[in-house]
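Novice: model the following, please.
(chains A and B)
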Amino acid sequence: MSKLYIARNPRAAARSLDGEMMIMSSTDSTLFTLNKTATILWQWADGSTPLDEIVEKRICTEFEVAATEALADAQALARELAGCEILELSETPITTRQPPLGEKW
Amino acid sequence: MPQLTTEIERLSLIIEIGGMPVRVHTIDPAFLNLLQDRYAGFVSDSGGAEIEFDVELQEPKTVDPDADVEVAHHSGTWSLRRGDFLAEWEPAARHGWIRQTANPHAIDAVLRIVHTLLLAQQGGFLLHSASAIRNGKAFLFAGVSEAGKTTISRLAPSDVTLLTDEISYVRRRGDEYVAFGTPFTGELAKVGENVSAPISALYLLAKGQENRIDAITPGEATRSLLANLLFFAKDEELVRAIFHSTFEFVSRVPVARLTFVPDAKVWGLIA
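Specialist: The predicted structure is shown next:
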């Protein structure tokens, strides 16, 4: 099965406030408030870390969920976020990647 | 020798909202008088203007009053369009033109749009809210139509200076935000006072059975602020700027929910 890579869409504006991650699409001004899982994907979406690695290291440890199940959910979520122009998806590393924001964001 | 040309007198006035003087030129004395009446209190006699607009009046034609405003940027020029006006503005040249019918609503809309664009670059914004000054501090009362902006404005006691019952003008000044009076009116149809003061609080209006102030989360404050912003341009850079400005505002100005009954006692909570 091919790898999936995710990167933050640089056209989206994002801010975290009091633990809530809010993102606005700059193309149509739609505002999104991310849940915990989506926030983790956003934080670690550096374009070079495969999604399964993000799931294994960041989501499974946080939510105590089986890796297979978590990966399926994360893939669906990543595609949904890509549809909202929040994330970019690729089966190869995304060269315009940004460094992970990690916990500091 | 017969006179071949007739010199047309060019009339003008400066409309200064939010400390931003905009000079409007017209050749129509009646339209000039209309503007002087419409913007009474906001007509400035200071010499300089930040922006100049030439207004060309056109005959009324059938227009769709519900037509959406279109604001687009191309090659350094903003184009603004609605059923009753067409305008262009070149910020670098500080100059623009407006083609409109002889009604105040069209130029009112153009001014609102231009101010939103200017403010977006400076960390400020126009907000759907009433605003007023009490004891040297400005208070904003935000909400959608029917939320109570006009009602709370009408209930204001005599020591309160009304800035607007409909659209507040918010500028950033260092680490604080300042509210300015605007001529943009709602149902009260009363032009605000042309004064300003630092913003002490933003209240999200809700009608209820009692007067009370409730804390809200920063996230809710930000979402509500964004929902009440006036911004027309589909410009990615400015949308991002506006987005970040709302977070800056919420991090510096207390935001709370103000539930009130239609009763002047609510102003006892505002000080």
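Novice: export only the CA atoms of stretch B:44-55, formatted as CSV.
Specialist: In CSV, the C-alpha atoms belonging to stretch B:44-55 read as follows (Å, rounded to 0.1, in the frame of the first residue of the first chain):
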residue,chain,number,x,y,z
SER,B,44,-13.7,68.0,7.3
ASP,B,45,-12.3,71.3,6.4
SER,B,46,-8.7,70.1,6.8
GLY,B,47,-6.7,70.6,3.6
GLY,B,48,-5.2,67.2,2.9
ALA,B,49,-6.9,64.0,1.9
GLU,B,50,-5.6,60.5,1.8
ILE,B,51,-7.8,59.4,-1.1
GLU,B,52,-9.5,61.4,-3.9
PHE,B,53,-12.6,60.1,-5.7
ASP,B,54,-14.2,61.7,-8.8
VAL,B,55,-17.9,61.0,-8.8
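Novice: quick check: B:Asp26 touching B:Val55?
Specialist: If you look again at residue B:26, you'll see it is Thr, not Asp. Yes - using CB atoms under 8 Å, B:Thr26 is in contact with B:Val55, at 4.6 Å. Any C-beta I mention is one placed from the backbone N, CA and C, and that applies to glycine too.
Novice: who has more neighbours, the two?
Specialist: Counted by other CB atoms under 10 Å in any protein chain shown, B:Thr26 and B:Val55 do not tie: B:Val55 has more neighbours, with 25 against 22.
Novice: quick one: that one from B:Ala40, how far?
Specialist: Counting by CB to CB, to the nearest Å, the gap from B:Val55 to B:Ala40 is 18 Å.
Novice: kindly report the same for B:Leu80.
Specialist: 25 Å.
Novice: so what's the residue nearest to the spatial centre of chain A scoring on pLDDT?
Specialist: Nearest to the mean C-alpha position of chain A, by CA atoms, centre = their mean, lies A:Leu41 at 2.6 Å. For A:Leu41, the pLDDT comes out at 93.
Novice: measure stretch B:40-56 end to end?
Specialist: Stretch B:40-56 has an end-to-end distance of 22 Å (criterion: CA to CA, to the nearest Å).
Novice: quick check: mean pLDDT of it?
Specialist: Taken as a whole, stretch B:40-56 has a mean pLDDT of 91.
Novice: what's the helix or strand for the residue nearest to the centre of chain A?
Specialist: For A:Leu41, the host element (DSSP states H and E) is helix A:36-44.
Novice: run me through the strand neighbours of the very next helix or strand once past that helix, direction for each.
Specialist: Toward the C-terminus, helix A:36-44 is succeeded by strand A:46-50 as the next helix or strand (DSSP H and E). On the basis of DSSP bridges, the sheet neighbours of strand A:46-50 come out as strand A:5-8 (antiparallel).
Novice: what does the partner strand contact?
Specialist: With CB atoms under 8 Å, 6 or more residues apart in numbering or on different chains as the test, strand A:5-8 has contacts from A:14, A:41-42, A:45-51, A:54, A:78, A:82, A:86-94, A:96-98.
Novice: follow-up on the earlier one: any idea how far A:Glu80 is from the residue nearest to the centre of chain A?
Specialist: 10 Å.
Novice: got it, and B:Leu230?
Specialist: In terms of CB to CB, B:Leu230 sits 30 Å off from A:Glu80.
Novice: who touches both of A:Leu41 and A:Glu80?
Specialist: With CB under 8 Å, 6+ apart as the test, A:Leu41 and A:Glu80 reach no residue in common.
Novice: ok so, going back, quick one: which of B:Leu230 and A:Glu80 has more around it?
Specialist: When B:Leu230 and A:Glu80 are compared for neighbours, B:Leu230 comes out ahead with 18 against 12, by other CB under 10 Å.
Novice: pLDDT score for the more buried one?
Specialist: According to the predicted model, the pLDDT of B:Leu230 comes to 92.
Novice: quick check: bridge partners of it?
Specialist: When assigned by DSSP bridges, B:Leu230 has beta-bridge partners B:Leu126.
Novice: quick check: it touching B:Leu126?
Specialist: Yes - using CB under 8 Å, B:Leu230 is in contact with B:Leu126, at 4.2 Å.
Novice: which neighbours do these two have in common?
Specialist: With CB under 8 Å, 6+ apart, B:Leu230 and B:Leu126 have common neighbours B:Arg112, B:Thr116, B:Ile167.
Novice: list the buried residues of the helix or strand where the second one lies.
Specialist: Translated: B:Thr116. Assigned by DSSP H and E, B:Thr116 falls within helix B:104-120. Of all the residues in helix B:104-120, those buried under the rule 16 or more other CB atoms under 10 Å in any protein chain shown are B:106-120.
Novice: cool, and stretch B:211-224?
Specialist: Buried residues in stretch B:211-224, counting neighbours by 16+ other CB under 10 Å, are found at B:Asn211, B:Pro218, B:Gly219, B:Glu220, B:Ala221, B:Thr222, B:Arg223, B:Ser224.
Novice: burial of the closest residue to A:Ile94 other than its chain neighbours, as a residue count?
Specialist: In space, and not counting its chain neighbours, A:Ile94 is closest to A:Gly47: 3.3 Å by CB to CB, 6 or more residues apart in numbering or on different chains. Residues within reach of A:Gly47, counting by other CB under 10 Å, total 20.
Novice: re earlier: looking at B:Leu80 and B:Ala40, which is more packed in?
Specialist: Taking neighbours as other CB under 10 Å, B:Leu80 and B:Ala40 compare with B:Leu80 leading, 22 against 11.
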